[in-house]
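Colleague: no sequence on this one, just coordinates:
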């Protein structure tokens, strides 16, 4: 069964699963998804906070016409709250300090003139004063018990600071999945090896692993030769993984054993082959699945929904050509992982073609493009030199893949299309 891109994407997203939760130190939680609400443990700010260096006084005394105030003491940040003993006087205060008792207004030094006589300092007010000025009122930001961050919040450095401020040293987040990346091929050698004329260094695995790092996922990388028994043995050792991402051996060649091995091991194939270029031989399935309602299974005429699988990995088997696998990762795998980790799905950005493009095939074409922002926030997409799905170096001059629909073969300059950005 050959699915179009929309149906293939829906089938992938129909298997989104919850990997569960884990508790980690808040200092390690940047980029993770919160799985519990975080409450204010007290009012924010927790006291009437001085926002300017200067003096604190009783506004009513000033309003009666007094403009010269003698200094009783100094209230610094971090000091316990002091009390003004005479409202005819003032108290020097520093930014961040608690507002002294018997005061309700702060005058910055810039609006004061200082004099001193026999060791007694006085300040004369030189600018108009508003009641309550330069004070960050207690509870103005949040009340004790208020939800500051709901479950589902993506934790950025701003949230980490708030976690620290409420004393939340351990935080419940979505558990990251255990991902195994498996490269197949007799032609592959280690990265630090010297390839013969008939060999290439293993590269697909590391590009895919780097893409997963965007979500904080550290994958394990494996290589296996084009041998049916060896592939089955490696897969059997990786059954505790949540996700397999395979690269190579997925098409119809004589040494493409992957589909057969996966079938023999009990994987349910959800689809094999997508109407797209690059990446047409893409195979997707999962272990322990039986059909119910929405997703068509290969070889059946029923519409089925693959239920949550907790007995084996979800399998993304990608073509071996490097651009094919890289594109499938950003179009299918990363959106699936974000949804499984309970990220809020962002809208897919669009870019405007900066040149005419012709593609004469009834397939969705994922065109590598360099993106150029212009005034107004628009992105202009220009394709770099590109020699097909084996041309990994073309990605050095690209920022993403423009998704061109299969319903026409000429795409005009100035027309807008979805873009799957990897840079």
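Modeller: Yep, it's here. Quick caveat, the model's predicted, so the values are computed rather than measured. Numbers count the residues shown, from 1 in each chain.
Colleague: partners of the closest residue to residue 195 other than its chain neighbours in the sheet?
Modeller: Spatial nearest neighbour of residue 195, excluding adjacent residues (Cβ to Cβ, 6 or more residues apart in numbering): residue 189 at 5.4 Å. No exception for glycine: its C-beta is placed from N, CA and C like everyone else's. Beta-bridge partners for residue 189, by DSSP bridges, are residue 201.
Colleague: residue 189 reaches residue 200, doesn't it?
Modeller: Yes: using Cβ atoms under 8 Å, residue 189 makes contact with residue 200 at a distance of 7.4 Å.
Colleague: tell me the contacts of the residue nearest to residue 195?
Modeller: Contacts for residue 189 (Cβ atoms under 8 Å, 6 or more residues apart in numbering) come out as 195, 199, 200, 201, 202.
Colleague: in this structure the last one contacts residue 190, no?
Modeller: Yes: using Cβ under 8 Å, residue 202 makes contact with residue 190 at a distance of 6.4 Å.
Colleague: what about the two, which has more around it?
Modeller: residue 202 (18 against 10; other Cβ atoms under 10 Å).
Colleague: which residues does the more buried one contact?
Modeller: Residue 202 neighbours (Cβ under 8 Å, 6+ apart): 183, 188, 189, 190, 191, 221, 223.
Colleague: a helix runs through residue 360, doesn't it?
Modeller: No: counting by DSSP: H, G, I helix; E, B strand; the rest coil, residue 360 is not part of a helix but coil.
Colleague: state the distance from the residue lying closest to it once chain neighbours are set aside to residue 359.
Modeller: Nearest non-adjacent residue to residue 360, counting by Cβ to Cβ, 6+ apart: residue 409, 4.6 Å away. Shown here: residue 409 relative to residue 359, a distance of 6 Å by Cβ to Cβ, to the nearest Å.
Colleague: look at these two and report which has more neighbours.
Modeller: Between residue 409 and residue 359, counting by other Cβ under 10 Å, residue 359 is the more crowded of the two (16 against 13).
Colleague: helix, strand, or coil at residue 140?
Modeller: Assignment for residue 140 (three-state DSSP): coil.
Colleague: how close does it sit to residue 334?
Modeller: 40 Å.
Colleague: one step back: of all pairs in the contacts of residue 202, which one is the farthest apart?
Modeller: Distance extremes for the contacts of residue 202: the farthest pair is 189 and 221 at 13.8 Å, using Cβ to Cβ.
Colleague: now, of the contacts of residue 202, which are buried?
Modeller: 183, 188, 189, 221, 223 (16 or more other Cβ atoms under 10 Å).
Colleague: now the contacts of residue 189: which count as buried?
Modeller: Buried among the contacts of residue 189 (16+ other Cβ under 10 Å): residue 202.
Colleague: now distance to residue 166 and pLDDT too, for the contacts of residue 189, in TSV please.
Modeller: What follows is those, written out as TSV (distance: Cβ to Cβ, whole Å; pLDDT from 0 to 100):
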residue	distance to residue 166	pLDDT
195	55	90
199	56	88
200	52	87
201	49	88
202	46	86
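Colleague: closest one to residue 93 out of the contacts of residue 189, please.
Modeller: Looking across the contacts of residue 189 and measuring by Cβ to Cβ, the closest to residue 93 is residue 202, at 64.4 Å.
Colleague: for the stretch 151-300 of the chain, which segments are assigned as strands?
Modeller: With DSSP state E, counting those that start in this stretch as the criterion, the stretch 151-300 of the chain has strands at 170-174, 179-184, 188-189, 200-201, 220-224, 243-247, 267-272, 276-277, 283-287, 295-296.
Colleague: ditto for the stretch 1-150 of the chain
Modeller: 21-25, 38-39, 49-50, 54-57, 68-75, 89-93, 105-108, 112-117, 120-125, 135-136, 147-149.
Colleague: how about those in CSV, adding mean pLDDT and distance to residue 402?
Modeller: Output for the strands of the stretch 1-150 of the chain, formatted as CSV (pLDDT from 0 to 100; distance: least, Cβ to Cβ, whole Å):
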stretch, mean pLDDT, distance to residue 402
strand 21-25, 97, 37
strand 38-39, 98, 40
strand 49-50, 98, 51
strand 54-57, 98, 58
strand 68-75, 97, 61
strand 89-93, 98, 59
strand 105-108, 98, 55
strand 112-117, 94, 62
strand 120-125, 96, 64
strand 135-136, 98, 49
strand 147-149, 97, 36
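Colleague: out of these, flag the one nearest residue 245.
Modeller: Comparing these by Cβ to Cβ, strand 21-25 comes nearest, at 21.7 Å.
Colleague: that older thread, more neighbours: which of residue 140 and residue 334?
Modeller: residue 334 (19 against 13).
Colleague: where's that one relative to residue 245, distance?
Modeller: Counting by Cβ to Cβ, the gap from residue 334 to residue 245 is 11 Å.
Colleague: now do residue 183
Modeller: 10 Å.
Colleague: coming back round to it: need the contacts of residue 202 in TSV with pLDDT, can you?
Modeller: What follows is these, written out as TSV (pLDDT from 0 to 100):
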residue	pLDDT
183	95
188	89
189	88
190	90
191	89
221	96
223	95
